[in-house]
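Chemist: Give the three-dimensional model of this entry:
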Amino acid sequence: MNTPRLVTTAAELRSATEELLQKAAAANPARLPSLALVPTMGALHEGHASLMGAARADNDVVTASVFVNPLQFDDPADLERYPRTLDADLELLGRAGVDLVFAPSEAEMYPGGAPLVRVSAGTMGTRWEGAVRPGHFDGVLTVVAKLFHLAAPPVPARFRAYFGQKDAQQVALIRRMVADLNFDVEITGVPIVRAADGLAESSRNRFLDAGQRQAALVLSRALNLLKERAASGRPLDLPDAVELVSSQPGVELDYFEVVDPQTLEPLTDTAGAPLAGTALALLAARVGPVRLIDNTLLP
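Modeler: Numbers count the residues shown, from 1 in each chain. I've put the predicted structure just below:
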């Protein structure tokens, strides 16, 4: 098993990155080396392992960040409750072949305290998850922008960043930020990893008991129903899928929509006509003490 190098400051990160990229360039001087960044908040699971695997397959150097970003939480209790499992995370990252782990303190990331200037997610960040968690995506984009600056190659190299498609709205917003603000980084979305029962992997799944987990499976069933209808050219009949989720005891549906994958704008006719073009079905629901999100691309 690979043992990743752990760094906790921006200066250490820059020095270690430069060293690893220079070694990669020396090993293959005929091409430009590549660096991958995989931002995480820790509490890693197999979904994260798939991100690391995709980054490892494509790049010479792989960096993962582990930082519980306070700007993403509107509830202090939720921030306090978020699991912090750095030792276990390092084991998973080692198995996945990660070279470098950046695990800064809050003071290192925000040396002046909460930043007065932040990245705004705009109107894209105010719907769906943003409507339930006001300001959440401003916090996400602010920390991701900082991580892009801190982890960017200090020597000539290709720079890529990897994000899980389970957080589809987050991926869409990061792509938009990169395009609008001219970040020199390639964004790769990695498909959702699901457990054998179909539940999308999430650090929050650990808070479900057996009965709640069983109830939560209705989320993936409803998404698969839409996917099958889209693939066969039938009308999606979104209200029928909504009813499937809403009728499941123990599941409180928040939203269930079919949207444009780039703009996140709702598509109009999702009941009576077959789908024209690609769409994204996304939903959120509370199951017991846990709020779960899930989504699928519709062909």
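
Chemist: Go ahead and confirm V251 touches R213.
Modeler: No - here V251 does not reach R213: they are 11.4 Å apart, not a contact under C-beta atoms under 8 Å. No exception for glycine: its C-beta is placed from N, CA and C like everyone else's.

Chemist: list the helices and strands the helix or strand containing E228 packs on?
Modeler: Element membership for E228 (DSSP states H and E) is helix 210-231. Helix 210-231 makes packing contacts with helix 238-246, strand 251-259, strand 279-287, strand 290-298 when contacts are defined by 3 or more C-beta pairs under 8 Å, 6 or more residues apart in numbering; DSSP states H and E.

Chemist: Between these, which one is closest to E186.
Modeler: Closest of those to E186 is strand 290-298, at 19.7 Å (criterion: C-beta to C-beta).

Chemist: now the helix holding E228 and helix 238-246, what's the angle there?
Modeler: When axes from the mean of the first three to the mean of the last three C-alpha atoms, to 10 degrees is applied, the directions of helix 210-231 and helix 238-246 differ by 170 degrees.

Chemist: I'd like the average pLDDT over helix 210-231.
Modeler: The predicted model gives helix 210-231 an average pLDDT of 96.

Chemist: A145 - nearest residue in space that isn't next to it in sequence?
Modeler: Counting by C-beta to C-beta, 6 or more residues apart in numbering, V119 is the residue found nearest to A145 once chain neighbours are left out, at 5.2 Å.

Chemist: picking that back up, the helix holding E228: which residues count as buried?
Modeler: Using 16 or more other C-beta atoms under 10 Å as the burial criterion, the residues of helix 210-231 that qualify are 212-213, 215-220, 222-223, 225-227, 229-230.

Chemist: Going by distance to T142, which of those residues wins?
Modeler: Nearest to T142 among those, counting by C-beta to C-beta, is L219 at 29.4 Å.

Chemist: Without its sequence neighbours, what residue ends up closest to the closest one?
Modeler: Using C-beta to C-beta, 6+ apart and skipping the chain neighbours, the partner closest in space to L219 is D294 (4.8 Å).

Chemist: so where do the helices sit in the protein?
Modeler: When secondary structure is read from DSSP state H, the chain shows helices at 10-27, 46-58, 76-81, 86-95, 106-109, 129-132, 136-151, 168-181, 210-231, 238-246.

Chemist: Send over the last one as PDB, restricted to the C-alpha atoms.
Modeler: Okay, so that is helix 238-246. What follows is the C-alpha trace of helix 238-246 in PDB, where atoms were taken according to Å, rounded to 0.1, in the frame of the first residue of the first chain:
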ATOM      1  CA  LEU A 238     -42.400  12.600 -13.400                       C
ATOM      2  CA  PRO A 239     -45.500  13.000 -11.200                       C
ATOM      3  CA  ASP A 240     -45.700   9.200 -11.100                       C
ATOM      4  CA  ALA A 241     -42.100   8.900  -9.900                       C
ATOM      5  CA  VAL A 242     -42.700  11.600  -7.300                       C
ATOM      6  CA  GLU A 243     -45.700   9.600  -6.000                       C
ATOM      7  CA  LEU A 244     -43.500   6.500  -5.800                       C
ATOM      8  CA  VAL A 245     -41.100   8.300  -3.400                       C
ATOM      9  CA  SER A 246     -43.800  10.200  -1.500                       C
END
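
Chemist: For that helix, the averaged confidence score.
Modeler: Mean predicted lDDT for helix 238-246 stands at 96.

Chemist: Counting by contacts, list what that helix packs against.
Modeler: Packing contacts for helix 238-246, counted by 3+ C-beta pairs under 8 Å, 6+ apart, involve helix 210-231, strand 251-259.

Chemist: Need the contact partners of the longest one.
Modeler: Okay, so that is helix 210-231. Applying C-beta atoms under 8 Å, 6 or more residues apart in numbering, the external contacts of helix 210-231 come out as 194, 197-200, 205, 208, 235-238, 240-242, 244-245, 248-251, 256, 258, 274-275, 279, 281, 283, 285, 287-288, 290, 292, 294-296, 298-299.
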